[in-house]
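K.L.:
Provided below for reference: sequence and predicted model.
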Amino acid sequence: MHVFLWIVQAVLAAMFAMSGLAKAVQPKEKQAAKYPWMRNVSPATVRFIGAVELLGAIGLIVPAATGIAPVLTPLAGAGLAAVMAIAAALHIRREEPSGVVVTAVLFALAALVAWGRFGPYGW
């Protein structure tokens, strides 16, 4: 299970890093075609979400890999799960079922990392 959690952490970190980097550096207008929800939020909000996703991606890997404050890894998982719960609520409100499915899967994986690293497979 320990190896499986590392794989999940790596996949999640890659996905959140790519998504966060795009939100943090690309113009909102360029992304709005791909993400319709961005039309309803400010550019600062998009940048904030990108920064949170980038920090979460770093938190999934770096503390556990270095052994420095490894409790941050499950906290990053819990934080990303919370972000995905909020995102799912947004997609439900906007009636975007495909968005709900993606965020639900990411929520489940992030929650799995938080549970596994806080609990039986922690550091």
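P.N.:
Right, received. Where do you want to start? Numbers count the residues shown, from 1 in each chain.

K.L.:
mind listing what's buried in the helix or strand of the chain with the lowest mean pLDDT?
P.N.:
Least confident helix or strand of the chain, by mean pLDDT, DSSP states H and E, is helix 28-32 with a mean of 84. Buried residues in helix 28-32, counting neighbours by 16 or more other CB atoms under 10 Å, are found at residue 28. Where C-beta positions appear, they are placed from N, C-alpha and C, glycine not excepted.

K.L.:
next structured bit after that helix?
P.N.:
Next helix or strand after helix 28-32 toward the C-terminus (DSSP states H and E): helix 43-66.

K.L.:
so how far is that following helix off the chain centroid?
P.N.:
Here helix 43-66 is found 8 Å from its chain centre; the criterion is CA atoms, centre = their mean, to the nearest Å.

K.L.:
buried ones in it?
P.N.:
By 16+ other CB under 10 Å, the buried positions in helix 43-66 come out as 46, 49-50, 52-54, 56-64.

K.L.:
returning to that earlier point: ok, residues contacting the least confident helix or strand of the chain?
P.N.:
The list of residues contacting helix 28-32 from outside it, by CB atoms under 8 Å, 6 or more residues apart in numbering, reads 22, 23, 38, 39, 43, 46.

K.L.:
out of those, give me the two with the largest separation.
P.N.:
Farthest apart among the contacts of helix 28-32 by CB to CB are 22 and 39. That separation is 16.1 Å.

K.L.:
these two: who's more crowded?
P.N.:
With neighbours defined as other CB atoms under 10 Å, residue 22 and residue 39 compare such that residue 22 has more, 16 against 11.

K.L.:
for the more buried one, which non-adjacent residue is closest in space?
P.N.:
Distances taken as CB to CB, 6 or more residues apart in numbering place residue 31 nearest to residue 22, at 6.6 Å, with adjacent residues excluded.

K.L.:
shaky segments in the chain?
P.N.:
Low-confidence segments of the chain (pLDDT under 70): 121-123.

K.L.:
mind listing what residue 118 touches?
P.N.:
Residues in contact with residue 118 (CB under 8 Å, 6+ apart) are 74, 78.

K.L.:
just want the phi and psi numbers for it.
P.N.:
Main-chain dihedrals, residue 118, degrees, to the nearest 10: phi -80, psi -30.
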